[in-house]
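Engineer: Got a sequence here, can you model it:
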Amino acid sequence: MGEDYIDTLRREVLEEVGRDIVSETIEEIGMISEVRRDVFDPQVKFIRDTYFYKCDITDEEHELKLTQSEERAGFYATWADIDEIIEVNSRHGLKECMKRDTFFLKWYKEETEVGNNK
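Structural biologist: Coordinates of the predicted model:
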């Protein structure tokens, strides 16, 4: 049997951020379903469900485990607040995943007042 969503979250954060998750802080905050034409075959329907979580992480740092394509693209882990992420993604977010994530972050910020000084 494959990973459940929480196991996937733990693995992805460890691989791409180099940190462990504090389990009791995990909270699902949203999900977006995408349906569009496949970029490789326009006759095929592309369907993806993306789940969004918030959680705390531990202070212990681990080595990143990036894919070869991520390494070639110059990926690295960095910390930014929600406004910085929205701004950078809005300027450079040409890929569908960045558009999706930016849409979600704008919605989340508006709904929760994250990043606002209210």
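
Engineer: phi, psi of residue 32?
Structural biologist: As for residue 32, its main-chain torsions (degrees, to the nearest 10) stand at phi -120, psi 130.

Engineer: Next, give phi and psi for the spatially closest residue to it that is not a sequence neighbour.
Structural biologist: Excluding the flanking residues, the one nearest residue 32 by Cβ to Cβ, 6 or more residues apart in numbering is residue 50, at 5.0 Å. Using the backbone N, CA and C atoms, a C-beta is placed for each residue, glycine as well. Main-chain dihedrals, residue 50, degrees, to the nearest 10: phi -110, psi 130.

Engineer: burial measure for residue 50, as a count.
Structural biologist: Neighbour count of residue 50, defined by other Cβ atoms under 10 Å: 13.

Engineer: In contact with it, which residues are there?
Structural biologist: Going by Cβ atoms under 8 Å, 6 or more residues apart in numbering, residue 50 touches 31-34, 100, 104.

Engineer: quick one, strands of this protein?
Structural biologist: Counting by DSSP state E, the segments of the chain that form strands are 27-37, 45-54.

Engineer: which outside residues touch the lengthiest helix in the chain?
Structural biologist: Using DSSP state H to define each element, the chain has its longest helix at helix 96-112. Applying Cβ under 8 Å, 6+ apart, the contact partners of helix 96-112 are 29-30, 32, 34, 36, 50, 52, 82-83, 85-86, 89-90, 92-93, 114-116.
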